[in-house]
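# Let's see this in three dimensions:
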Amino acid sequence: MRNIVVFSGSSHPALVDQICARLGVSPGQVKLTKFANKETNVEIGDSVRNKDVFIIQSGCGAVNDNLMELLIMLAACKTASARRITAVIPCFPYARQPDAPYKKNGMPLSRVPANVFFGYTGASTPFSLPVTPAGTPLQTPSLDRIDRKNPFDKMFDSTNESNSDIESAATSPTLSPAANGVVIPAIAGLRLDSEPKVRHLAPRGIRPQALSQPSHLAIPSSSGTGSPTQTCVTSDQVNPQKAGYKHWVARSGTLIANLLVTAGADHIITMDLHDPQFQGFFDIPVDNLYGQPLMVKYIRERIPNWEDAVVVSPDAGGAKRATVIADKLGMEFALIHKERRQIQAPHKSDMMLVGDVKGKVCILVDDIADTSFTITKAAKVLQQNGAQKIYAIITHAIMSGDAVARIQSSCIDQVIVSNSIPQEEHLAGCNKMKVFNVAPIFAEAIRRIHNGESVSMLFDVMDLI
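This is a model prediction of the structure:
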């Protein structure tokens, strides 16, 4: 192949060597180093002027460092007058973002913290308490807006401090003007005058908290002791950390797409995006290759009695991915559904099996295994329903934290993963793992794109199997 240069990033050089061996070319010369302050330095050793450049970098390991390294390599080749630059990213970084809060170790929270929904009304409209200087009266809404029926009542009641803050803010008397301009308390239920309200301000140079409450404005306590009590609610009585807003998750898809395009990428090649709609963030061609053909090949050659097995999707999102394999092989299909039955804790889900797996071999199919919580919980559900043997086939096995140990101690008999991510360390820690090679599909895609041939057959699973 002429006028082609294949560069390797530092994330997965072994995969690049296998792809170049199938293409019959040698990897391009590039020097990747870091300065003392951990900045990335890239030096291109081959001429790329008017050549077709392919940069292979997988989103694994130190994801942020590898992404920055890829961007610098793209910019370097663009500056060196490359004819076309294609970023080959077997495992695309930032292609998924959690829809629910997660712990630091990656495990989903069993319940949502109560302060997340603090200040929500019954109509699910956010109401945030304003931040006011200490000692100044706090504006409270009218009593007809204090309907704070939170669907997370059981969880919300566990924070007595939050409830007491809201109750005190709702039941405390508001301020109404008097004819002489003095601020007097207005008890709930009394009709207020239509005159404009007058704020009791402190003289210049005196802090608001230094201003004492007039004795004639004090309301006797209900205990009958006659001791004066505070007549207005101040910001000191409300915990500002709990009077926050709903936690929103930032979606970084557009940002990553713009970074790659701006750096100089003319084409993107990846495999099994977690969300295929992620391609819509790009203004350049994106080829999302499929790993199902290699999965089907492994099932046919390595799993005994696969004709009587059942293909299982561990969640509803991967149902389409699993049905493609089941339809091609003529196998039965089952689905594990996360049903949220508890009204008090809707984020706590119950896993329910849809299908019959009793006495059968089950093959779990998923695209990503990060913490492996989903795949191991799904295997436990299958075992409880009488599954004879459990396999798991995963495209991108990231295996963060103690995911490998979790799989080793689970009821899964064998886990088959691709080499889109380096698996040497994972194989050393788990004897249940096997690897299938994705280099042939990427090599064929690179060859067809370089020669100007159609790559549509790579998307048709029926033609590849």
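
# make it CA atoms for all contacts and neighbour counts henceforth
Fine.

# how about the helices in the stretch 301-450 of the chain?
319-329, 373-384, 403-408, 424-429, 439-451 (DSSP state H, counting those that start in this stretch).

# R448 and I56: what is the separation?
16 Å (Cα to Cα, to the nearest Å).

# neighbour-wise, which of those two wins?
With neighbours defined as other Cα atoms under 10 Å, R448 and I56 compare such that I56 has more, 25 against 14.

# Who is T270 paired with across the strands?
Counting by DSSP bridges, T270 is bridged to I89, N288.

# Any idea what the residue lying closest to S8 once chain neighbours are set aside is bridged to?
The shortest distance from S8 to any non-neighbouring residue, by Cα to Cα, 6 or more residues apart in numbering, is to I56 (5.2 Å). For I56, the beta-bridge partners are S8, V88 (DSSP bridges).

# Give me the neighbour count for K434.
Neighbours of K434 (other Cα under 10 Å): 16.

# Can you get me the start-to-end distance on stretch 357-374?
18 Å.

# Now it: buried residues?
Neighbour-count burial for stretch 357-374, counted by 16 or more other Cα atoms under 10 Å, picks out 357, 360-372, 374.

# Just name the closest of these to I390, please.
C362 (4.8 Å; Cα to Cα).

# wait, the closest one sits on G386?
No - judged on Cα atoms under 8 Å, C362 makes no contact with G386 at a distance of 10.2 Å.

# Residue ranges in the stretch 1-150 of the chain under the pLDDT threshold?
97-150 (pLDDT under 70).

# What number of residues are in the vicinity of the closest residue to D272 other than its chain neighbours?
Spatial nearest neighbour of D272, excluding adjacent residues (Cα to Cα, 6+ apart): Y290 at 5.6 Å. Using other Cα under 10 Å, Y290 has 20 neighbouring residues.

# how far away is Y290 from F442?
Y290 is 10 Å from F442, by Cα to Cα.

# Between the helices of the stretch 301-450 of the chain, which one is closest to N37.
Closest to N37 of the helices of the stretch 301-450 of the chain is helix 424-429 (Cα to Cα; 27.4 Å).

# Sticking with N258, tell me its helix or strand.
N258 is part of helix 253-263 when elements are defined by DSSP states H and E.

# so what does that helix touch, helix or strand wise?
Judged by 3 or more Cα pairs under 8 Å, 6 or more residues apart in numbering; DSSP states H and E, the packing partners of helix 253-263 are helix 63-79.

# how many degrees apart are the helix it packs on and helix 253-263 in direction?
For helix 63-79 against helix 253-263, the angle by axes from the mean of the first three to the mean of the last three Cα atoms, to 10 degrees is 30 degrees.

# How about helix 63-79, which residues are buried there?
Quick answer for helix 63-79 (16+ other Cα under 10 Å): 65-67, 69-78.

# how about the residues you listed in CSV, adding distance to D17?
Below are the buried residues of helix 63-79 laid out as CSV (distance: Cα to Cα, whole Å):
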residue, distance to D17
D65, 21
N66, 18
L67, 20
E69, 19
L70, 18
L71, 21
I72, 21
M73, 18
L74, 20
A75, 23
A76, 22
C77, 20
K78, 23
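
# wait, which of those is closest to F92?
Checking the buried residues of helix 63-79 one by one against F92 (Cα to Cα), the nearest turns out to be L67, at 9.7 Å.

# List the residues that contact the closest one.
G59, P93 (Cα atoms under 8 Å, 6 or more residues apart in numbering).

# What about G386, how many residues nearby?
14.

# so L74 makes contact with A263?
Yes - counting by Cα under 8 Å, L74 touches A263, with 5.6 Å between them.

# Stretch 11-19: which residues count as buried?
Residues S11, H12, P13, L15, V16, D17, Q18, I19 are the ones in stretch 11-19 that count as buried (16+ other Cα under 10 Å).

# Touching the helix holding N258 from outside, list them.
The contact list for helix 253-263 (Cα under 8 Å, 6+ apart) reads L71, I72, L74, A75, K78, Y94, A95, F278, F281, F282, D283, I284.

# Disregarding residues adjacent in the polypeptide, which is nearest to N3?
K51 (4.9 Å).

# brain fart, A443
Counting by Cα to Cα, 6+ apart, A443 lies nearest to I19, which is 5.2 Å off, once chain neighbours are set aside.
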